[in-house]
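Chemist: Turn this into a structure:
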Amino acid sequence: MRRSTAVLCGATVVLAGSLTAVPAEAAGSQTAQAPLATQVAKVTWKKCATDDYPTLQCGSVKVPLNYAKPQGRKITLALSRVPHTARKYQGPLLVNPGGPGGSGLGLAGFVASSLPKAVASQYDVIGFDPRGVGKSKPALDCKPGYFNPVRPDSVPSTAAIEKANLARAKSFAKACGTKYADVLPYINTVSAVKDMDQIRKALGAKKINYFGYSYGTYLGQVYAKLFPTRVRRLVLDSIVDPNGVWYDANISQDYAFDARHKALMAWIAKYDSTYKLGTDPAAIEAKWYAMRAELAKTPAGGKVGASELEDTFLPGGYYNGYWPFLASAFAAYVNDKNSAPLVEAYQNFASIDASGDNGYSVYAAVQCRDVSWPRDWKQWRKDNWAVYEKAPFMAWNNAWYNAPCAYWPTKSLKPVNVANSKLPPVLLFQATDDAATPYQGGVTVHRLLKHSSLVVEQGGGNHGISLSGNACLDKYLVKYLTDGTVPHGSGVADAVCKKLADPVPASTATTALTTRETAGATPADTLHGLVGIRG
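Modeler: Sure, this is the predicted structure:
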C-alpha cells in the first residue's frame, strides 16, 4: 500500500548512440540469440546521491507504450544505478521490490549497500520504476484520496455496507477508465517485462541479472519466459504462485494472513508482563475483535475505523519487526482507553499519501488487466463469506482492495505459462509461513523452473527474507552472485535455514513509532520499508 519514495533526480536520454560494451564474463554464451540493434537509447546518468547511498545515480529511458506499435507513442521509465567499481564486471543487476506499483529506485541503493562490497562492486545495480509508477511518466493516480478515512466497514454485515463498498469499487474503476483510457490497456505485467528488456538494451547489455521480491518474482518469471536467452542470473525472493494469479492468490493470502495475525496474538500472550492483555492467544484475539467492533462505531481520532484498523495491522503480517509497535498501540487502547498510539500507528503504517495512491492505481491496473476476474459480484460474495468464516482477519478487507477488478474497463489478458527449461541455474528463497506469497508458490516455481534451487527459511513468516539479517540465507545469495553456484538437495528444498528470532518488546526508550518507509536500525527494517505491501 503506502510505499517509500526516494528523492531522486531525473535524467535525460540520448535517443541514438553506440552500445556500451559488456565484458565477456557478463555476456555469457550468445548461441541462438538475436543480434543487438545497432541503434538504441542510451541512458545518461546523473548524480542523485542520498546520505545513505552516496554513489547513487539517476537516469531514464523511453519505451513504446504499445509494443504492437513500437514506433508509436513513447513513455518514460525512471532508473537508478549504483555503478560497479571492480575490475571484474558481471553486468547489470536489475532489482524490483514488488507491488505491483512499488518504486524500485531506492532498492538499488539498498541492495548495493547490503551485499558484501566485493560482490556488489562487480555489478551495476539498477533500480527502476515500472510503467505508471513513481517517477516514470505518465504516473497513474486514478482517484486521489480513495483511501481517506473513514471508509465503510470492510465486513458487509448489512446490505447498506455492501452497497457503499461496491459504490467505492465501481467509482475507482470508472475513474481509472475515464482518466487513463489511452494508457490503461498497456499497464500489465507483460508490458512491464518488455520494458525490462528495453532497459537491458539501453544499458548495452546482452544479458541481465535480476533480483526480485514479492510481485517482482512474477516479473522475473515472466521475463525469463519471454526472454530466456537474456537471463544470466535470476534471484526470486518470496515467490508468487503463477498458477493463482490473481483472484485465487488473494484468496490464499487471506488464510495465510489470518494465521500470521494469530501468531501476533500468541507473541503478545508471551509478553503479558509488558502488554497485560492476558496469556491466552484466543482471548487476546477476542479483545482485538472487540476493539474492532468499538472502532466501527466510534473511529479513533476520527480516523481509525474498523477498515483502517485492519490496514494498520496488515503490515505486521508482512514483517514481525512491527509487532512491538502494534502490540503497544493495541494495549494502550484496551487497557488505558488511550487511542492516540493507535492513531499514530495508523498514520505511520497504513495511511495513504500521494505515492500510495499512485501505487494502488498501478496495482489495480496491472492485476485487473493481467488475467480474468469474476465479473459477477455474486461469486465474490460467495467466495469471500466462505473465507471469512474460517479466516476473518483480512478476508473482506482484501476483497474490497481488489474489487475494482470486477468492474475494470479493460479486457483481460491470458495468464503466462512460466514453465521453463531454458534457463541457467536460478536461486529461489521462500519462508514457510509467508502470508503475502504463501509457501506453495516457492514449491510450484521450483518445479516449473527446471534448473532452479530452492532455499527455505523454516518457520519464517516475514515477506522478503534475503538481505534482512539471516546470514544462512545470505551466504547462498552471495555465493550465487559471486560465481553462479546454487545448492543442490534431495528433498523439496535444496537448502534449509532456521528463521531469525522473533522480536522482543521495545524498551521504554524506543517505543516511539517509526514509519515503515523510514530506514530502520536493522537491514530488515530498511528492506521492509522498501518492499511493497499487498505485493
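
Chemist: which residues does residue 151 contact?
Modeler: 168, 305, 307, 308 (C-beta atoms under 8 Å, 6 or more residues apart in numbering). (Glycine included, C-beta is placed from N, CA and C.)

Chemist: of all those, which comes closest to residue 327?
Modeler: residue 308 (17.7 Å; C-beta to C-beta).

Chemist: Is that closest one within a helix or a strand, and which one?
Modeler: helix 306-313 (DSSP states H and E).

Chemist: Just list what that helix packs against, helices and strands only.
Modeler: helix 281-297, helix 323-336, helix 340-349, helix 395-402 (3 or more C-beta pairs under 8 Å, 6 or more residues apart in numbering; DSSP states H and E).

Chemist: can you do 7 Å?
Modeler: helix 281-297, helix 340-349 (3 or more C-beta pairs under 7 Å, 6 or more residues apart in numbering; DSSP states H and E).

Chemist: And these: which comes nearest residue 198?
Modeler: helix 340-349 (35.4 Å).

Chemist: Tell me the helix or strand right after the closest one.
Modeler: helix 354-370.

Chemist: list the buried ones in the helix holding residue 308?
Modeler: Buried residues in helix 306-313, counted by 16 or more other C-beta atoms under 10 Å: 306, 307, 308, 309, 310, 311, 312, 313.

Chemist: mind listing what the fifth one touches?
Modeler: By that I understand residue 310. Applying C-beta atoms under 7 Å, 6 or more residues apart in numbering to residue 310 gives the contacts 154, 394, 397.

Chemist: any idea how far it lies from residue 260?
Modeler: Taking C-beta to C-beta, to the nearest Å as the measure, residue 310 falls 13 Å from residue 260.

Chemist: just the fourth one next, same as before
Modeler: As for residue 309, its distance to residue 260 is 16 Å (criterion: C-beta to C-beta).

Chemist: In three-state terms, label the residue most central in space within the chain for me.
Modeler: Central residue of the chain (C-alpha atoms, centre = their mean): residue 98, 2.7 Å from the mean position. The three-state label given to residue 98 by DSSP: H, G, I helix; E, B strand; the rest coil is coil.

Chemist: Relative to residue 371, how far out is residue 413?
Modeler: 7 Å.

Chemist: Between the two, which is the more surrounded one?
Modeler: Per other C-beta atoms under 10 Å, whichever of residue 413 and residue 371 has more neighbours is residue 371, with 20 against 15.

Chemist: The more buried one and residue 415 touch, don't they?
Modeler: Yes. With contact defined as C-beta atoms under 7 Å, residue 371 counts as touching residue 415 (4.8 Å).

Chemist: what about the helices and strands packed on helix 306-313, which gets the closest to residue 501?
Modeler: When the helices and strands packed on helix 306-313 are compared (using C-beta to C-beta), the closest one is helix 281-297, at 18.8 Å.

Chemist: residue ranges with poor pLDDT in this structure?
Modeler: Residue ranges of the chain with pLDDT under 70: 1-40, 508-520, 532, 535.

Chemist: Which is the succeeding secondary structure element to the longest helix seen in the chain?
Modeler: As assigned by DSSP state H, the longest helix anywhere in the chain is helix 247-270. Per DSSP H and E, the first helix or strand lying C-terminal to helix 247-270 is helix 272-275.

Chemist: in what helix or strand does residue 232 lie?
Modeler: Going by DSSP H and E, residue 232 is part of strand 231-237.

Chemist: all strands of the stretch 351-500 of the chain, in order?
Modeler: Assigned by DSSP state E, counting those that start in this stretch, the stretch 351-500 of the chain shows strands spanning 426-431, 452-458, 495-498.

Chemist: Columns distance to residue 253 on top of the ones you listed, output as JSON lines?
Modeler: JSON lines is the format used below for those (distance: least, C-beta to C-beta, whole Å):
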{"stretch": "strand 426-431", "distance to residue 253": "14"}
{"stretch": "strand 452-458", "distance to residue 253": "18"}
{"stretch": "strand 495-498", "distance to residue 253": "24"}
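
Chemist: tell me the most buried of those strands?
Modeler: Ranked by mean neighbour count, the strands of the stretch 351-500 of the chain are led by strand 426-431 with a mean of 27 (mean count of other C-beta atoms under 10 Å).

Chemist: Kindly spell out which helices and strands sit in contact with it.
Modeler: Packed next to strand 426-431, using 3+ C-beta pairs under 7 Å, 6+ apart, are strand 231-237, helix 439-448, strand 452-458, helix 471-483.

Chemist: and of the ones you listed, who's closest to residue 464?
Modeler: strand 231-237 (6.1 Å).

Chemist: what sits up against that closest one?
Modeler: 28, 91, 207-213, 217, 220, 224, 423-424, 426-429, 445, 464-466, 477, 480-481, 484.

Chemist: now the contacts of residue 310: which count as buried?
Modeler: For the contacts of residue 310, buried by 16+ other C-beta under 10 Å: 154, 394, 397.

Chemist: Make JSON lines from these and add distance to residue 143 to it.
Modeler: Output for those, formatted as JSON lines (distance: C-beta to C-beta, whole Å):
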{"residue": "154", "distance to residue 143": "18"}
{"residue": "394", "distance to residue 143": "22"}
{"residue": "397", "distance to residue 143": "18"}
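
Chemist: quick one: which of the residues you listed is nearest residue 64?
Modeler: For the buried ones among the contacts of residue 310, the nearest to residue 64 is residue 397 (36.8 Å; C-beta to C-beta).

Chemist: Who are the contact partners of the closest one?
Modeler: 154, 307, 310.

Chemist: run the last query once more with 8 Å
Modeler: With C-beta under 8 Å, 6+ apart, residue 397 has these contacts: 154, 307, 310, 311, 314.

Chemist: and the gap between residue 393 and residue 324?
Modeler: 19 Å.

Chemist: Check residue 227 too.
Modeler: For residue 227, the distance to residue 324 - C-beta to C-beta - is 44 Å.

Chemist: Who has more neighbours out of these two?
Modeler: The residue with more neighbours, out of residue 227 and residue 324, is residue 324; 23 against 17, by other C-beta under 10 Å.

Chemist: before we move on, what SS does the nearest residue to that one once chain neighbours are set aside have?
Modeler: Nearest residue to residue 324, sequence neighbours excluded (C-beta to C-beta, 6 or more residues apart in numbering): residue 506, at 4.2 Å. Secondary structure for residue 506, judged by three-state DSSP, is coil.

Chemist: what's the neighbour count on residue 506?
Modeler: Around residue 506 there are 16 residues (other C-beta under 10 Å).

Chemist: Residue 350 versus that one, what's the distance?
Modeler: 19 Å.

Chemist: Same check on residue 489?
Modeler: From residue 489 over to residue 350 (counting by C-beta to C-beta), the distance is 40 Å.

Chemist: mind listing the helices in the stretch 101-250 of the chain by residue range?
Modeler: 105-114, 117-120, 159-179, 189-202, 215-226, 247-270 (DSSP state H, counting those that start in this stretch).

Chemist: Could you save the ones you listed as TSV and add columns showing mean neighbour count and distance to residue 449?
Modeler: TSV is the format used below for the helices of the stretch 101-250 of the chain (neighbours: other C-beta atoms under 10 Å; distance: least, C-beta to C-beta, whole Å):
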stretch	mean neighbour count	distance to residue 449
helix 105-114	26	22
helix 117-120	15	23
helix 159-179	16	33
helix 189-202	22	16
helix 215-226	27	7
helix 247-270	20	18
